[in-house]
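>>> Dropping the sequence and predicted coords here.
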Amino acid sequence: EWFETVFHELNDEVVIGWLAEEGEFVKAGTQLCSLQGSARALLTGERTALNLLQTLSATATISQKYANKVEGTSARILDTRKTIPGLRNAQKYAVSCGGCYNHRVGLYDGILIKENHILAAGSILAAVSTAKVLGAGVPVEVEVETLDEAQQALSAGADILLLDNFDLEMLRKAVELNKGQAKLEASGNVSLETIRSIAETGVDFISVGALTKNVEAVDLSMRIEFLE
């Protein structure tokens, strides 16, 4: 959609034919699409369109690598709000194409209570209580750094606990402590090497900022053939 929009904003008569499906794995050298239109429109839109496609393909590719690592477990991989400015919706779409899932989009569709919120409110209980009043119907998540804080968040009625930088043993203890009361999200120290072990602790979600903030653009190019 974003790739196509670039050319259609320049000339709505540009015709684009896709040769690969969304989320499909393709080998190096594979032709992804064909375009027909005026040379002016194609050359003007080339760099912007390729930038978008390269970045979003990279986002989907790294997402697929993470998704494959937890296959067979019940854990879902979530993205974060650590996205490229102006491309949040596009990157979140790419994450889903890669087989991972979207966390909240903004501050309106999910409340995440962090350390500074707790300090301002006075306690985890006060912060959760206020959030549930002000954001009725919106899930309330609390970031915790210890098992004691996890217990406080559970007692306060949090919907989700974000287990910040918990090691594997602490994650397992948090799952045992939780007893299915809230959803558990592991965050911090997550990599392709560690994510399988994290998923096997029994947490519901694992959030990975690297899906959208550290992407390395896929190498793509456009070649023009002039028709007589």
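Okay, I see it.
>>> ranges for the helices of this structure?
Using DSSP state H, the helices of the chain run over residues 2-10, 39-69, 88-97, 115-121, 124-134, 147-156, 168-178, 195-199, 210-213.
>>> ok, and what's touching the last one?
Going back to what we said before, that points to helix 210-213. The contact list for helix 210-213, computed with CB atoms under 8 Å, 6 or more residues apart in numbering, reads 59, 62-63, 66, 77, 79-80, 82-84, 91-92, 95, 98, 100, 190-191. All C-beta spots, glycine's among them, are computed from the backbone N, C-alpha and C.
>>> can you redo the helices of the chain as TSV with distance to Arg223?
Below are the helices of the chain laid out as TSV (distance: least, CB to CB, whole Å):
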stretch	distance to Arg223
helix 2-10	15
helix 39-69	10
helix 88-97	24
helix 115-121	52
helix 124-134	53
helix 147-156	55
helix 168-178	49
helix 195-199	38
helix 210-213	29
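>>> Dump these to JSON lines, plus distance to Glu21, mean pLDDT and mean neighbour count.
Formatted as JSON lines, those follow (distance: least, CB to CB, whole Å; pLDDT from 0 to 100; neighbours: other CB atoms under 10 Å):
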{"stretch": "helix 2-10", "distance to Glu21": "14", "mean pLDDT": "96", "mean neighbour count": "18"}
{"stretch": "helix 39-69", "distance to Glu21": "12", "mean pLDDT": "97", "mean neighbour count": "19"}
{"stretch": "helix 88-97", "distance to Glu21": "9", "mean pLDDT": "97", "mean neighbour count": "21"}
{"stretch": "helix 115-121", "distance to Glu21": "42", "mean pLDDT": "97", "mean neighbour count": "14"}
{"stretch": "helix 124-134", "distance to Glu21": "41", "mean pLDDT": "97", "mean neighbour count": "18"}
{"stretch": "helix 147-156", "distance to Glu21": "42", "mean pLDDT": "98", "mean neighbour count": "18"}
{"stretch": "helix 168-178", "distance to Glu21": "36", "mean pLDDT": "98", "mean neighbour count": "16"}
{"stretch": "helix 195-199", "distance to Glu21": "26", "mean pLDDT": "98", "mean neighbour count": "20"}
{"stretch": "helix 210-213", "distance to Glu21": "20", "mean pLDDT": "96", "mean neighbour count": "21"}
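>>> Look up phi and psi at the residue nearest the centre of the chain.
For the chain, the residue nearest the mean C-alpha position is Asp79 (2.0 Å; CA atoms, centre = their mean). Note on Asp79: backbone dihedrals following degrees, to the nearest 10 are phi -80, psi -170.
>>> so what pLDDT did it get?
Asp79 is assigned 98 on the pLDDT scale.
>>> what sits against it?
Listed by CB under 8 Å, 6+ apart, the contact set of Asp79 reads 63, 91-92, 95, 100-103, 207-209, 211-212.
>>> same thing with Cys33?
Cys33 makes contact with Ile16, Gly17, Trp18, Leu19, Ala20, according to CB under 8 Å, 6+ apart.
>>> which residue packs closest to it, ignoring adjacent ones?
Counting by CB to CB, 6 or more residues apart in numbering, the nearest residue to Cys33 once its immediate chain neighbours are dropped is Trp18, at 4.8 Å.
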